[in-house]
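Visitor: no sequence for this one, just the structure:
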Ligand code: PEP
Ligand code: MN
C-alpha cells in the first residue's frame, strides 16, 4: 500500500510510480476515500529494491507491505507442518529444555561431565556447552577446540544431544564433522548474513538443528525472522528462534529481557521459540523468574546455563548459572505451566492449523 504525501498523486506522479512497479511485474490500483486516495500494489510486493525506489520518491510518504519478506519462515508457508524432533521430543508439542555450562573448561573435563549428568537428572533434553566463546575482551578465555571431545563424551555418557556455538566457518566445519547435532548462532553473529548462509548450506540435509539467538541490536521482529530465513533459504529448515535479551539492559539486568516477544513471533512464523533467560537477566537469582515468564509467554523451549559448582566455572557460569537442583525445580514448574498456557495460543497461532494432539 502506497500512502502519498499529498491527498492523491498527480497524473505524472501516478505514471512514474506505475512505471517503477511495472519493472517488477506489479501494477497500481487507487483506493479512493472521502478526502484521500491511497494506492494498492498488485503483484508480489516483496522486492526490496522496488520498495526502496518507491520510498525514495519525495511525494511518497510511506509504503506498507502486506506480504512478509520471509516467505519460508512465514506461518503461512508450506513449512508450517515441518516437525522437528530433538532428544525424542517433537518441538512445540513438548517443552524442550537445553541446559548446561556456558563454557567447557578444558582443564576440568570431569566437571563438565558431572554437570551433563546432573542436568540430565534435573530433566534437561539437550546438554549445552560452549567450546568457542565470543568474549568482549580478546584477553579473556576464547575457548578451545580441545573441548570438542569433552562435549562428545558428555553426549556419549548421557545419551542426550548436545549444543555448542560456532562463530566462523572453521568452527562450523569442525562441529559438523564431529556430528554435533545442534549448533548455536550467538547474539553477536545473528546479523552475520554470510555465516548464516554458510550454516544453512553446510548443514543442508544433515538434520542439524540451529538455535539462532536474537542479536542484542535487532529492532523489528521481522529482522530476527529474516535472519532465520537466511539459514532456511540456504537449505536447513531446522531453525529455532532464541530471544536472549537486547540492549540497553534494564538497570540491574544484563540485558533487556525480551521473552515477551514470544507471542508475536509465534503469530508470524512456524519456527519454535526457545528462550534464553540466562543471558537475558544475567544473574542466577533472577533466572527462574525469567524462565517461567518465557513459558507463560508461550515459549516452546528454554536454554538455561547450569553448573554443578558455578563458583568454579568459567565464562558466564559464576554469575548466571543455576545449580542442577534449582534447574530441576524450574523444569518441573515449566513443564506444568507449558501445558496450562498452550490453550491461549489457539486463538491466534492455530486458527488454520490445529494443535497436534499430545
Ligand atoms: C552463550 O550462550 O554462552 C552466549 C555467549 O550467548 P549469547 O550469544 O546470547 O551472548
Ligand atoms: Mn554464556
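Guide: Good, I have the coordinates. Here the structure is a predicted model, which means the values were calculated and not measured. Ligands and ions are numbered 1, 2, ... in the order given.
Visitor: can you classify the closest residue to ligand 1 within the stretch 1-150 of the chain as helix, strand or coil?
Guide: Closest approach between the stretch 1-150 of the chain and ligand 1, counting by CB to the nearest ligand atom: residue 102, at 4.5 Å. Any C-beta I mention is one placed from the backbone N, CA and C, and that applies to glycine too. Reduced to three states with DSSP: H, G, I helix; E, B strand; the rest coil, the structure at residue 102 is strand.
Visitor: tell me, how many residues neighbour it?
Guide: 24 (other CB atoms under 10 Å).
Visitor: next, the one residue sitting closest to the centre of the chain: phi, psi?
Guide: In the chain, the centroid-proximal residue (CA atoms, centre = their mean) is residue 241; its distance is 1.9 Å. When read as degrees, to the nearest 10, the backbone of residue 241 gives phi -90, psi 130.
Visitor: ok, it - contacts?
Guide: Applying CB atoms under 8 Å, 6 or more residues apart in numbering to residue 241 gives the contacts 212, 214, 224-225, 228, 265, 269, 271-274.
Visitor: quick one, domains of this protein?
Guide: Listed by automatic domain parsing, the domain ranges of the chain are 2-63, 78-345.
Visitor: can you pull the contacts of residue 262?
Guide: Contacts of residue 262 (CB under 8 Å, 6+ apart): 243, 273, 275, 294, 297-299.
Visitor: of these, which pair is most distant in space?
Guide: Largest separation among the contacts of residue 262 by CB to CB: 243 and 298, giving 11.6 Å.
Visitor: so for those two, which residues contact both of them?
Guide: In contact with both residue 243 and residue 298: 262, 273, using CB under 8 Å, 6+ apart.
Visitor: so these two - more neighbours on which side?
Guide: Neighbour count, other CB under 10 Å: between residue 243 and residue 298, residue 243 has more, with 29 against 23.
Visitor: for the residue of the stretch 101-250 of the chain found nearest ligand 2, give its distance to residue 276.
Guide: Taking CB to the ion, ligand 2 has its nearest neighbour within the stretch 101-250 of the chain at residue 102, 3.3 Å off. Note on residue 102: its distance to residue 276, by CB to CB, to the nearest Å, is 11 Å.
Visitor: just residue 55 next, same as before
Guide: 35 Å.
Visitor: with residue 236 instead?
Guide: 20 Å.
Visitor: looking at this, residue 263 is in a helix?
Guide: Yes - note on residue 263: a helix contains this position according to three-state DSSP.
Visitor: show the pLDDT at it.
Guide: pLDDT for residue 263: 97.
Visitor: and the residue nearest to residue 260 when sequence neighbours are not counted, what does it touch?
Guide: Using CB to CB, 6 or more residues apart in numbering and skipping the chain neighbours, the partner closest in space to residue 260 is residue 297 (5.8 Å). Neighbouring residues of residue 297 by CB under 8 Å, 6+ apart: 259-260, 262-263, 275.
Visitor: out of those, who's the most crowded?
Guide: In the contacts of residue 297, the most neighbours by other CB under 10 Å go to residue 275, 31 neighbours.
Visitor: with adjacent residues omitted, what lies nearest to that one?
Guide: Closest to residue 275 by CB to CB, 6+ apart is residue 294, at 3.6 Å.
Visitor: show me what contacts the one you found?
Guide: Here residue 294 is in contact with 243, 259, 262, 275, 277, 302 (CB under 8 Å, 6+ apart).
Visitor: from these, which is closest to ligand 2?
Guide: The closest of the contacts of residue 294, once distances to ligand 2 are taken by CB to the ion, is residue 277, at 11.8 Å.
Visitor: look up how far ligand 2 lies from the residue nearest to that closest one when sequence neighbours are not counted.
Guide: Nearest non-adjacent residue to residue 277, counting by CB to CB, 6+ apart: residue 290, 3.4 Å away. From residue 290 over to ligand 2 the distance is 14 Å, taken as CB to the ion, to the nearest Å.
Visitor: what's around residue 290, how many residues?
Guide: 24.
Visitor: equivalent analysis for residue 344, please.
Guide: 13.
Visitor: would you mind confirming that it is in contact with residue 267?
Guide: No - look at residue 344 against residue 267 with CB atoms under 8 Å: they stay out of range, at 12.0 Å.
Visitor: around ligand 2, pick out the residues from the stretch 1-150 of the chain.
Guide: residue 102 (CB under 5 Å from the ion).
Visitor: swap that for the stretch 251-358 of the chain, sorry
Guide: Counting by CB under 5 Å from the ion, the stretch 251-358 of the chain sits next to ligand 2 at residue 316.
Visitor: and the residue of the stretch 251-358 of the chain that's closest to ligand 2?
Guide: For the stretch 251-358 of the chain, CB to the ion, closest residue to ligand 2: residue 316, 3.6 Å.
Visitor: without its sequence neighbours, what residue ends up closest to that residue?
Guide: residue 102 (4.0 Å).
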